[in-house]
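> heads up, no residue letters with this:
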């Protein structure tokens, strides 16, 4: 099964950078949540500059938190590919570029991988 998320388990502390290993099409497709010891899940927000406690910054394959993890926190870095429209649209009489075809197929592949991953997680 394809990797669509990475979890940084308990015992890890600090702001990072925390690496992730899955590919993505757009930086906005990468999402981050933090779970604290009592089970409360917080969705963190990506920013371009210095983050605060509920935010993070993103490099190519890592994120840096605005507030340090404590040893009982869990961090989940995952991909949610935008499937509201195709990456490339083709028009009659226009050129069809292989890169556009590849982008559309990759978008479809990533979306399918994410659905399968959620299904396996919920179904055991």
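Structure's in. What do you need? What you see is a predicted model, and the numbers here were worked out from it, not measured in a lab.

> only C-alpha atoms for contact and neighbour calcs from this point on.
Noted.

> pretty sure residue 55 sits against residue 42.
No. Here residue 55 does not reach residue 42: they are 10.2 Å apart, not a contact under Cα atoms under 8 Å.

> the more surrounded of these two?
For residue 55 and residue 42, the more surrounded residue by other Cα atoms under 10 Å is residue 55, and the numbers stand at 20 against 13.

> show the contacting residues for the more buried one.
Going by Cα atoms under 8 Å, 6 or more residues apart in numbering, residue 55 touches 44-47, 65-67.

> who wins on neighbours among these?
residue 65 (24 neighbours).

> redo the contacts of residue 55 as CSV? Include distance to residue 6, secondary structure and pLDDT.
As requested, the contacts of residue 55 are exported to CSV (distance: Cα to Cα, whole Å; DSSP: H, G, I helix; E, B strand; the rest coil; pLDDT from 0 to 100):
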residue, distance to residue 6, secondary structure, pLDDT
44, 15, strand, 93
45, 17, strand, 92
46, 17, strand, 91
47, 20, coil, 89
65, 15, strand, 93
66, 19, coil, 91
67, 19, coil, 90
